[in-house]
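In: got a structure for you, letters missing:
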């Protein structure tokens, strides 16, 4: 059962990752700082998922990137584009609506159980 | 040996040329961020294990699918294989048997020829199967990669999205009317067997005697020259039989038309059989004397018994087959 639970949870989280990453990119972030910010909110993301994801978001023109070479180690910073902000806000709205609906469903199920 | 360099190399060598440099730089910077100021090889290993298998990482970067044939084309692919494989095997078998019939190998034992045909037949079917499988898979793997469309819904066999109208194209076949593939295959095999026996009758049909170490062919029962004289009629029957079998394979169920053609076929086959068997020279004189002596009957009486007996049996089964065809075509 734990195996199945694990794969179901991974599936559940996978869809939310994009939204989580987008939410942290209003200010420019590089990969490692992004991982830190997400981890602080309790969201773990595999490194092997994050970097390809950032690249895909860039290809979809939701974020823009730039290299900062002023420090000892060059870093690639990502930030939301105007289009990205627009999409993010819509996505956020939808997500909140969906979770509220789901919440109601689950609440209802709990009441059924206690009856 | 620098593990980080090797790791980055392992990732980038799986990526398209134009992205390699940028991704390598970013990965190096990310790995650097994760390592402490002074680090040991153990630290590096820990960080790299966090990054995960380089093949998976590269796969996540790549837009290309990491499978040969995805869900969009899988069903079409499987249906086509199921459709093409049996047809291709049957065609290769028929052509093999035809090759042997039309180029008689003189002086070769019949059992040898039959065994060769069977052995080679199995080999050819395997070969054809592999060819079909390979080319179809290759074609679909290429289509999968060439398809840049955003739509991922699975396709039907005519390469369009499924709609309820597709149901109208499916012919519903009741069990009692259906013709199985095995039935068709069996009848083709039967054609191959009797055609071989017919054209090699002087080597196969006859009297065998046991002489202690196996069977010895004493005398043939049929006159091969007489048999060969009827070749146009026999070829027509073979052609008819193959055509009917293939038609059944396509239609998959008994219809009035199939039952009708089946009856025509039975009538022609019966007529030809009776004409051949009543030919006074079709049996070898040695065979007639040998056997009539064995059963203690007169030679003429023996021949007429064979002729009428076999004709009656043939007629009975021909009638039964025709009747069954019509009965099945009317079944609900």
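Out: Nice, thanks for sending it over. Keep in mind it's a predicted model, so treat the numbers as computed, not measured.
In: now the helices: where do they sit in the chain?
Out: Since no chain was named, I'll use chain A. Read by DSSP state H, chain A holds these helices, from start to end of the chain: A:2-23, A:31-40, A:47-59, A:82-114.
In: Switch to chain B, please.
Out: Under DSSP H, chain B gives helices at B:3-12, B:17-34, B:41-51, B:54-61, B:71-102, B:110-146, B:166-169, B:181-199, B:201-204, B:224-229, B:231-251, B:256-277, B:285-295, B:299-330.
In: Redo these as JSON lines? Include distance to chain A, mean neighbour count and mean pLDDT.
Out: Bear in mind the C-beta positions are built from the backbone N, C-alpha and C, glycine included. Formatted as JSON lines, the helices of chain B follow (distance: least, CB to the nearest CB, whole Å; neighbours: other CB atoms under 10 Å in any protein chain shown; pLDDT from 0 to 100):
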{"stretch": "helix B:3-12", "distance to chain A": "9", "mean neighbour count": "16", "mean pLDDT": "92"}
{"stretch": "helix B:17-34", "distance to chain A": "4", "mean neighbour count": "16", "mean pLDDT": "89"}
{"stretch": "helix B:41-51", "distance to chain A": "5", "mean neighbour count": "14", "mean pLDDT": "90"}
{"stretch": "helix B:54-61", "distance to chain A": "4", "mean neighbour count": "19", "mean pLDDT": "88"}
{"stretch": "helix B:71-102", "distance to chain A": "16", "mean neighbour count": "16", "mean pLDDT": "83"}
{"stretch": "helix B:110-146", "distance to chain A": "18", "mean neighbour count": "14", "mean pLDDT": "87"}
{"stretch": "helix B:166-169", "distance to chain A": "31", "mean neighbour count": "10", "mean pLDDT": "79"}
{"stretch": "helix B:181-199", "distance to chain A": "39", "mean neighbour count": "16", "mean pLDDT": "83"}
{"stretch": "helix B:201-204", "distance to chain A": "63", "mean neighbour count": "19", "mean pLDDT": "76"}
{"stretch": "helix B:224-229", "distance to chain A": "70", "mean neighbour count": "15", "mean pLDDT": "87"}
{"stretch": "helix B:231-251", "distance to chain A": "44", "mean neighbour count": "16", "mean pLDDT": "89"}
{"stretch": "helix B:256-277", "distance to chain A": "51", "mean neighbour count": "16", "mean pLDDT": "92"}
{"stretch": "helix B:285-295", "distance to chain A": "75", "mean neighbour count": "14", "mean pLDDT": "83"}
{"stretch": "helix B:299-330", "distance to chain A": "49", "mean neighbour count": "14", "mean pLDDT": "90"}
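In: and of those helices, who's closest to residue A:40?
Out: Nearest of the helices of chain B to residue A:40, taken as CB to CB: helix B:17-34 at 15.9 Å.
In: Show residues contacting the closest one.
Out: A:30-32, A:47, A:51, A:55, A:67, A:73-76, B:4, B:7-8, B:11-12, B:15, B:47-48, B:50-51, B:61 (CB atoms under 8 Å, 6 or more residues apart in numbering or on different chains).
In: Spatially, what comes nearest to the most centrally placed residue in chain A if we skip its sequence neighbours?
Out: For chain A, the residue nearest the mean C-alpha position is residue A:20 (2.2 Å; CA atoms, centre = their mean). Among residues not flanking residue A:20 along the chain, residue A:43 sits closest, at 5.3 Å (CB to CB, 6 or more residues apart in numbering or on different chains).
In: Can you give me the neighbour number for that neighbour?
Out: For residue A:43, the neighbour count with other CB atoms under 10 Å in any protein chain shown is 16.
In: Would you agree it is in contact with residue A:19?
Out: No: here residue A:43 lies out of contact with residue A:19, judged by CB atoms under 8 Å, at a distance of 10.3 Å.
In: so where is chain A shaky, pLDDT-wise?
Out: In the predicted model of chain A, residues A:112-115 satisfy pLDDT under 70.
In: what does it put close to chain B?
Out: A:30-32, A:46-49, A:51-53, A:55, A:67, A:73-76 (CB under 8 Å from any CB of the partner chain).
In: Show me which of these are buried.
Out: Buried by 16 or more other CB atoms under 10 Å in any protein chain shown: A:30-32, A:46-49, A:51-53, A:55, A:75-76, out of those.
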